[in-house]
Structures are given as C-alpha cells and as structure tokens.
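# coords below, sequence missing:
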C-alpha cells in the first residue's frame, strides 16, 4: 500500500494496481473491478434487410402524394401582417409561411402565441398558389407550415423537389436524391 498520489490499491478496487501490465490495467490507467463483472453489450446483428419494407415505403409515398394533392386543391387561411404580407417564421435556415385549414386552427395558433385577443387578418389562397408562387417569391429557402399550433395535425411542406417548383427547391439533384429528400421530409426514412 502506498500513501502517495492516492494509490491505495484496495481503495481503488484492484489488487494488482501499480503492476505494469497486470490484469485490470491498460497502459497505466486503472480499471475498476466492476468492469470484470460487466457483460459486454452484444453488437447488433448485421442484417441486409431494410428497416422499412418497400411496401411500407410505397404506401407512405402514396399517402404523402394524396395529402400533398389535397393541400394543393384546398383553399387555406394565410394570416397576414400589417402590410398584407403572409405571416412567416424562420427556423433552421428555412422560412415557413403559416397556413391554416380552418379558423379554429388559426385561433389555436393565435392563443399559443399569446395573441388571441387581437384581430387576425388573413387571405384565403389555394395551397397550389402558396407552393407554386409564394414560395419561389420569397427569395430564400421557403416552405409552408400547415396548422402550426394544432397538436398532431400540423404538416410541413418543405422546399424540396416534388413539393415546390425546382427553382425554389433546395435539393436540386437527381430524381433519386429528390425521392430520398422527400422520404426524409415526410418521415419515411431518415
């Protein structure tokens, strides 16, 4: 036993501490005896199977296409600021135009912002007009956030190929790249 530098062998749980190359030591670094009892974690088995089946991906893409098509054909409420410009928020380098499917969703958004007592002017626009005209006109990466503040019902339409015009998309590349970007955006793969 030694009283210099705190090398009390028993206090540190190693009977062989201080011996170079002794069990429980690695390059002079002491190891707790508890590690002798710990079972190493099993490495995950390598598998060539995808985490999500091709059928599930195809179904999710179809559901997303249906939802996108429905949004494009639907008139939504777009709150405006005092100058009549759409109300937007910036997050993660993307500008999001706020849109709402009905007045109660807009009211929940206003309440969540603590601004439920004021009047909220809005325009009624087709989703297609937002995606095809307003997004490119923003001049910065821009998407549409539908029903923000409505738990479980919000949807993001990010500025990617297949959702917005190519000149406004941030993922200009091959069709495979665009598919992967949309898959990630809608939560299919990530």
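Noted; the coordinates are in hand. Bear in mind that the values here come from a model prediction, so they are computed numbers and not experimental data.
# for stretch 77-91, what is the average pLDDT?
Confidence for stretch 77-91, expressed as mean pLDDT, is 95.
# Could you report the neighbour count for residue 122?
17 (other C-beta atoms under 10 Å). For every residue, glycine as well, the C-beta is placed using N, CA and C.
# Hmm, residue 79 and it touching each other?
Yes - assessed by C-beta atoms under 8 Å, residue 122 is found in contact with residue 79 at 4.6 Å.
# which residues are in contact with both of these two?
100, 106 (C-beta atoms under 8 Å, 6 or more residues apart in numbering).
# any weak-confidence spans in this protein?
Applying pLDDT under 70 to the chain flags residues 1-50, 173-190.
# Pull out the buried positions in the longest helix along it.
Counting by DSSP state H, the longest helix found in the chain is helix 54-73. Within helix 54-73, the residues scored as buried using 16 or more other C-beta atoms under 10 Å are 60-61, 64, 68, 71-72.
# got it, and stretch 124-142?
Using 16+ other C-beta under 10 Å as the test for burial, stretch 124-142 gives 125, 127, 130-131, 134-136, 138, 141-142.
# and if you look at stretch 89-97?
For stretch 89-97, using 16+ other C-beta under 10 Å, the buried residues are 94-97.
# Tell me the bridge partners for residue 86.
Bridge pairing for residue 86 (DSSP bridges) gives the partners residue 80.
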